[in-house]
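Chemist: compute the structure for the input listed below.
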Amino acid sequence: MSKRLEDFMENNREEFDDLQPSADLWNKIAKELDSWEQQPKKREAKTFSLGFVLKVAATIVVVMGIGFSLYLKNQKTEGINLADINPAYAKQQVHYASVIENQRSRLKLVAKFDPQLYNEFSGEIAKMDANYKKLKIDLATSPNQERVLRAMIRNLQIQTEVLNQQLSVIEQFKDSKKDQQNGNKDI
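Modeler: Residues are numbered from 1 along each chain as shown. Presented below is the predicted three-dimensional model:
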């Protein structure tokens, strides 16, 4: 097909070449370009269209709405008085939360000496803590709040047990290092 097109163009070249631009064409183009360059450049005032302003305003309203709804949701879950649901469970929750905070601070001391071990341990606790936070959010909307509260306390109990095991492993690790150092001194 392309061969036929090339042959056709070759045979009819004279008919294609009959139109020539005027000799003055390039002079006119050059003059027009020169006149554009010589004109003083005007500062264009930046104006915003109504559509742009409305889009920005709508975006701000949506972002503020989302932020406000998250704020209200957070306030709602924090505003629940656990003692109103079950006073005994509320005491247990406070007890386990304080124990966990104490154990976490002890575990953070490990980060200075063995950051890799600390990262592994804190990763496990972070997963359980995320589950606890989800339960805390579910508490506000649950029809059976006492059941959710029991699940929260069970989560805290498991966190406490895991932290105890982790601290125990750290103590055993320290003891074995001390024993190795003492064994090296005896030799």
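
Chemist: gap between the closest residue to Val162 other than its chain neighbours and His95?
Modeler: If the residues on either side of it in the chain are set aside, Val162 comes closest to Glu124, at 6.3 Å by Cβ to Cβ, 6 or more residues apart in numbering. C-betas here are computed from N, CA, C, even on glycine. Glu124 sits 22 Å away from His95, going by Cβ to Cβ, to the nearest Å.

Chemist: what about the helix or strand containing the residue nearest to Val162, average pLDDT?
Modeler: Here Glu124 sits within helix 115-141, counting by DSSP states H and E. In this model, helix 115-141 has an average pLDDT of 84.

Chemist: in stretch 115-126, what counts as buried?
Modeler: Buried residues in stretch 115-126, defined by neighbour count with 16 or more other Cβ atoms under 10 Å: 117-118, 121-122, 125.

Chemist: please apply the same query to stretch 142-152.
Modeler: Applying 16+ other Cβ under 10 Å to stretch 142-152 flags 145, 148-152 as buried.

Chemist: could you do stretch 131-145 as well?
Modeler: Quick answer for stretch 131-145 (16+ other Cβ under 10 Å): 132, 135-136, 139-140, 145.

Chemist: so which of those comes closest to Ile60?
Modeler: Distance to Ile60 across the buried residues of stretch 131-145 (Cβ to Cβ) is lowest for Ala140, with 28.1 Å.
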